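Enquirer: can't give you the sequence, but here's the structure:
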């Protein structure tokens, strides 16, 4: 869950993990630790047509989530982080 100083300008103030409630470190609008963010617009053939869902997970909750998957996620190593 994200809180903004100015919603129109998207000036980030705080992020909280939607699963555990942990406050993710944000300094001067810059996220200072790992956070997995999803924005998904549901479409036709779902029970959520027309809804957009936003969520943030801290790294620990993300790790717990992917450990529960029957089919593992695909991880690709990057040489450069921009």
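Expert: Happy to help now that I have it. Source: prediction; values computed, not measured.
Enquirer: Now residue 73: closest residue in space, sequence neighbours ignored.
Expert: residue 66 (5.4 Å; Cβ to Cβ, 6 or more residues apart in numbering). Bear in mind the C-beta positions are built from the backbone N, C-alpha and C, glycine included.
Enquirer: swap in residue 17?
Expert: residue 58 (4.0 Å).
Enquirer: same check, this time on residue 29
Expert: Spatially, and ignoring its direct neighbours in sequence, residue 29 is nearest to residue 12 (4.6 Å; Cβ to Cβ, 6+ apart).
Enquirer: Work out the gap between the host helix or strand of the one you found and the centre of the chain.
Expert: Per DSSP states H and E, residue 12 falls inside strand 11-16. Chain-centre distance of strand 11-16: 12 Å, with Cα atoms, centre = their mean, to the nearest Å.
Enquirer: Next SSE downstream of that strand?
Expert: strand 23-24.
Enquirer: how near is residue 69 to residue 19?
Expert: Residue 69 is 15 Å from residue 19, where distance means Cβ to Cβ, to the nearest Å.
Enquirer: Contacts for stretch 31-50, please.
Expert: In this structure, residues lying in contact with stretch 31-50 by Cβ atoms under 8 Å, 6 or more residues apart in numbering are 12, 15, 17, 24-26, 51-59, 62.
Enquirer: Cool, thanks, talk later.
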